[in-house]
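A.B. asks: okay, predicted coordinates and the sequence, questions at the end:
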Amino acid sequence: MAALSLISEHRCFEGEQRFYAHESRECATEMRFSVYLPPQARMRPVPVLYYLAGLTCTEETFMTKAGAQRLAAELGLMLVAPDTSPRKNRIPGDDAAWDFGLGAGFYVDATQDPWSRHYRMYSYVTRELPEIAKSLGGLADRQGIFGHSMGGHGALVCALRNPAQYRSVSAFAPIAAPSRCPWGEKAFTGYLGPDRTHWMAHDASALAAARRYENPILIDQGTEDGFLAEQLKPQEFETACRRSGTPLELRFQKGYDHGYYFISTFMADHLRHHARYLGA
Ligand SMILES: N[C@@H](CCC(=O)N[C@@H](CSC=O)C(=O)NCC(=O)O)C(=O)O
């Protein structure tokens, strides 16, 4: 594992909020991530909860907007939030749109040129970040994952493909059927190519229909979310879970939109959900 470079460190609810950069093995360029170390981490290894953010976000968004650290400190949960794409090695056209390229890695391992060298967010999250979390005092056998929108899609896919690795999963307004919405179709075509059979390994609804995930999945979705009907499609995920017998609690929250005021409102429920299955 390459050395971590500490960008900044801040005392927070008796724990430590840190921001790091490092040369990523999987992305073959510099990556950034944030970590919240609860006070318990000074004494012993602690469970780890990964948060994957949405389009246009960075490694800072969750830590500054979601209000998760106070309860994470109480529960003794380490929080780890990666950036949403590589940014250091620029690719022509990577900033041409806000829903593809920079800030929009979609948590897949790209197979298409010119993205395939650096855009390997799936392997970065599922392989490299856990090694880093362990080196910072995280327990390898007590990991959970959650996320928002594009990151909700990423969290569901990581957990459904690696049920032994992630004991718990939840999402806020996830892109739940990316093969059948404009954001997902654009990203998967660009990163994975036009053959839709290659998309299924990154489609949460396809994965949930194919195999049962044992622990209950929690999803919160705002009813006033402007992306709900066209981009998110949580009902397709609900149907898929029913097919495989995967336990799902899909909660429609009246009056809430897609943003971080919604996420911060229900953050405590998600942290407690993970704490329950991570033994925190
Ligand atoms: N183009 C707009 C909207 C981008 C946006 O809404 N991003 C969401 C995630 S959407 C799906 O992944 C987000 O989390 N934004 C960050 C925030 O702080 O709300 C724009 O560029 O703002």
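C.D. replies: Noted; the coordinates are in hand.
A.B. asks: when you work out contacts or count neighbours from here on, use the C-alpha atoms and nothing else.
C.D. replies: Noted.
A.B. asks: for residue 3, grab phi and psi.
C.D. replies: phi -60, psi 150 (degrees, to the nearest 10).
A.B. asks: my read is that it contacts residue 22, right?
C.D. replies: Yes: the criterion here is CA atoms under 8 Å, and residue 3 meets it with residue 22 at 6.4 Å.
A.B. asks: what sits against the nearest residue in space to residue 211 that is not next to it in sequence?
C.D. replies: Of all residues not flanking residue 211 in the chain, residue 244 sits nearest, at 5.7 Å (CA to CA, 6 or more residues apart in numbering). Residues near residue 244 by CA atoms under 8 Å, 6 or more residues apart in numbering: 208-212.
A.B. asks: pLDDT wise, what is residue 244 at?
C.D. replies: As predicted, residue 244 sits at a pLDDT of 98.
A.B. asks: dump the residue contacts of residue 261.
C.D. replies: residue 66.
A.B. asks: go again with 7 Å.
C.D. replies: Not one residue lies near residue 261 by CA atoms under 7 Å, 6 or more residues apart in numbering.
A.B. asks: helix or strand: which one has it?
C.D. replies: helix 260-278 (DSSP states H and E).
A.B. asks: could you give me the buried positions within stretch 108-120?
C.D. replies: For stretch 108-120, a neighbour-count test (16 or more other CA atoms under 10 Å) marks 108-112, 115, 117-120 as buried.
A.B. asks: you'd agree residue 22 is in a strand?
C.D. replies: Yes: in this structure, residue 22 lies within a strand as judged by DSSP: H, G, I helix; E, B strand; the rest coil.
A.B. asks: name the residues linked to it by a beta bridge.
C.D. replies: Residue 22 has these beta-bridge partners by DSSP bridges: residue 4, residue 31.
A.B. asks: quick one: it from the ligand, how far?
C.D. replies: 24 Å (CA to the nearest ligand atom, to the nearest Å).
A.B. asks: my read is that that residue contacts residue 1, right?
C.D. replies: No: under the criterion of CA atoms under 7 Å, residue 22 makes no contact with residue 1, lying 9.6 Å away.
A.B. asks: quick one, helices of the stretch 1-150 of the chain?
C.D. replies: 61-65, 69-75, 121-123, 129-135, 150-161 (DSSP state H, counting those that start in this stretch).
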